[in-house]
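Novice: below are the sequence and a predicted model; questions follow.
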Amino acid sequence: MVLLESITIPLGTKMPSFKLRDPHGKTYASEKLYGDRGLLVVFTCNHCPYAIAVWPRVIRLASYAKNMKISTVAINPNINPDYPDDAPPKMVEKIKELGITFPYLVDETQETARAFKAQCTPDIYLFDRNHALVYHGRIDDNWQDESKVTREELKEALNNMATGQPIARDQKPSMGCSIKWRKT
């Protein structure tokens, strides 16, 4: 397990468009995933301890965001034969186990992760209704122990975006396992 942080991407960067399938084979186009106010994109997987630790928070925040007309999509870039726990059949199990209600998509070619410059799982992006990046950072200030969280940066960004308030420009990177890039 290699620990990495998300890289800095300039705020205002336009979201790369994509078409990906869920593990059942249904295709989703990025343009159709947007809520009225924006889209939360989370690169994640099934096996990474960092991703596992924050999955419940991602699910709660997705529900919270939906009430503010911000949609959520999770994307699994770890489709790699060396990591069978991240394979699409295991994604189906994860969806059922956690009750995931938003699309959890398969980045089979890893091209979407590369277009976003994703580095780790989780790697979190919040785009406004104009498809401009407004937040790229961590969920909160304690990935290990939710009871010790003192600052919920992503929730604050969601609130500010929904209410038209400025979003803090000082954004702490997300951190997690490296994406399991396939050899090309």
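Specialist: Nice, thanks for sending it over.

Novice: which residues does the closest residue to C177 other than its chain neighbours contact?
Specialist: If the residues on either side of it in the chain are set aside, C177 comes closest to C48, at 3.8 Å by CB to CB, 6 or more residues apart in numbering. (Glycine included, C-beta is placed from N, CA and C.) C48 makes contact with 1, 78, 121-122, 176-177 under the criterion CB atoms under 8 Å, 6 or more residues apart in numbering.

Novice: if we use 6 Å, what do you get?
Specialist: C48 sits next to 121, 176-177 when contact means CB atoms under 6 Å, 6 or more residues apart in numbering.

Novice: same check on P81?
Specialist: If you count contacts by CB under 6 Å, 6+ apart, P81 has none.

Novice: can you give me phi and psi for it?
Specialist: Backbone dihedrals for P81, given as degrees, to the nearest 10, come out at phi -60, psi -20.

Novice: kindly provide the distance from it to N130.
Specialist: To N130, P81 is 39 Å away according to CB to CB, to the nearest Å.

Novice: and the residue positioned nearest the centre of the chain, helix, strand or coil?
Specialist: In the chain, the residue lying closest to the centroid (CA atoms, centre = their mean) is V42, at 0.4 Å. Judged by DSSP: H, G, I helix; E, B strand; the rest coil, the three-state class of V42 is strand.

Novice: for the helix or strand harbouring I59, buried residues please.
Specialist: Using DSSP states H and E, I59 falls within helix 49-66. Under the neighbour-count criterion of 16 or more other CB atoms under 10 Å, helix 49-66 has 50-55, 57-59, 61-62, 64-65 buried.

Novice: separation between the residue lying closest to T27 once chain neighbours are set aside and T112?
Specialist: Distances taken as CB to CB, 6+ apart put R21 closest to T27, at 5.2 Å, once the chain neighbours are dropped. R21 sits 11 Å away from T112, going by CB to CB.

Novice: who's more crowded, these two?
Specialist: T112 (22 against 15; other CB atoms under 10 Å).

Novice: isn't the more buried one up against F18?
Specialist: Yes: with contacts counted by CB atoms under 6 Å, T112 reaches F18, the gap being 4.4 Å.

Novice: nearest spatial neighbour of I9, chain-adjacent residues omitted?
Specialist: Distances taken as CB to CB, 6+ apart put H136 closest to I9, at 5.2 Å, once the chain neighbours are dropped.

Novice: and F127, how many residues sit next to it?
Specialist: Per other CB under 10 Å, the neighbour tally for F127 reads 23.

Novice: you'd agree it is in a strand?
Specialist: Yes: the secondary structure assignment for F127 places it in a strand, going by three-state DSSP.

Novice: run through the bridge partners of it.
Specialist: With DSSP bridges as the criterion, F127 is bridged to L39, L133.

Novice: and G12, what helix or strand is that in?
Specialist: Using DSSP H and E, no helix or strand contains G12.

Novice: the closest residue to it other than its chain neighbours and I79: what is the separation?
Specialist: By the measure of CB to CB, 6+ apart, the closest residue to G12 outside its immediate chain neighbours is A132, 5.1 Å from it. Summarising the geometry, the distance separating A132 from I79, computed by CB to CB, is 28 Å.
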